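Enquirer: With the input below, show me the fold.
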Amino acid sequence: MAKVWFLTGASSGLGEALAQAIIDKGDMVAATFRSEEQAIAFNNQHPERGIGLVLDVTATDKIKAVVARAYTHFGSIDVLVNNAGYGTVGAIEEFSLEEIRQQMETNFFGTVAVTKEVLPIMREKRSGHIVQLSSVSGIRALGGFGIYNASKFALEGFSEALAQEVAPFNIRVTIVEPGPFRTQFAGTSIKMPQKRLEDYQHTPVGTMYKYIQEANGKQEGDPVKGARAIVDFVYSDNESLRLPLGQLALAGIKAKLQSVQKDLEANEAVAASVIFSETGAHKS
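Expert: Residues are numbered from 1 along each chain as shown. Presented below is the predicted three-dimensional model:
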């Protein structure tokens, strides 16, 4: 049976590829765009199986009406894909609080707001699937990606708890963790701090600036293949919470797990040393 998808951030990259993969699967998709021109073009291209809607996920007062329009148009929302977002690169000290808040508003609070609007629809029909586009950067932090890491770490914690809360309603949650994909993430869509500090140029931050400049157009991930993998996963019986995409994603996540395991082993005795002993416990 065909599914109805609600997809944010369909303008380019993995989101654009996802919209096409959903259509190719024979499903219906309500895809959101930042501009009216893009939404109209999508409507003209996919008059039967698609509807293009204009949405900036940071404009939370607009989300309810956009979700309602999609629901009215198709009569259901079976899969929500929170894909809208952008990357930042730079030292934490270099970013203004306003720049940091904007990153969190888009990557985290926008996702929370859209999820909260779609959840009642899924909960009422006791079925649904929420797909959160996170990143390997939601698991492993690197110098120069600190603010982006913060937004994706927040998304991961939110989504992990959400999965437990909505499982009784037969709603699945999947956290997709892509590595670098050949999109405009490292190109026109990435943002840097307005103020740069020379001191950081010969630190891991400077290395990250250089990597971003050199990596664009050479990333290992194919967005078309990534989109197909996500659609296939939604249709599969795989109930994994996390879906890594790409060899670099796998390597990064494994490196993080090894680092955590090393810390646990090194501090196991310290962790155990702080608990109450039976005889020394405070009495109430």
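
Enquirer: quick one: contacts of the helix or strand bottoming out on mean pLDDT in the chain?
Expert: When the helices and strands of the chain are scored by mean pLDDT, DSSP states H and E, helix 204-215 comes last with a mean of 86. Here helix 204-215 makes contact (Cβ atoms under 8 Å, 6 or more residues apart in numbering) with 89-91, 94, 142-145, 180, 186, 190, 192, 200-201. Heads up, the C-betas are built off the backbone N, CA and C, glycines and all.

Enquirer: try stretch 149-157
Expert: Outside stretch 149-157, the residues that reach it (Cβ under 8 Å, 6+ apart) are 85, 100, 103-104, 106-108, 111, 132, 134-135, 137-139, 141-142, 175.

Enquirer: for stretch 230-240, same thing?
Expert: 3, 18, 21-22, 25, 27, 79, 81, 129, 131, 172, 174, 176, 243, 245.

Enquirer: at 7 Å instead, please
Expert: Residues from elsewhere that reach stretch 230-240 (Cβ atoms under 7 Å, 6 or more residues apart in numbering): Leu18, Ala21, Ile22, Lys25, Val79, His129, Val131, Arg172, Thr174, Val176, Leu243.

Enquirer: What strands line up against the one helix or strand the last one maps to, and which way round?
Expert: Put plainly, it is Leu243. Using DSSP states H and E, Leu243 sits within strand 242-245. Applying DSSP bridges, strand 242-245 is found paired with strand 171-178 (parallel).

Enquirer: same question for the partner strand, mean pLDDT?
Expert: Averaging pLDDT along strand 171-178 gives 97.

Enquirer: re the thing from before, and the angle for the helix or strand that comes right after the least confident helix or strand of the chain with strand 171-178?
Expert: Using DSSP H and E, the helix or strand that follows helix 204-215 towards the C-terminus is helix 223-235. Helix 223-235 and strand 171-178 are oriented at 160 degrees to each other (axes from the mean of the first three to the mean of the last three Cα atoms, to 10 degrees).

Enquirer: which parts of helix 223-235 are buried?
Expert: Pro223, Val224, Gly226, Ala227, Arg228, Ala229, Ile230, Val231, Phe233, Val234 (16 or more other Cβ atoms under 10 Å).

Enquirer: and that helix, how far from the chain's centre?
Expert: Remark: helix 223-235 is offset 15 Å from the chain centroid, using Cα atoms, centre = their mean, to the nearest Å.
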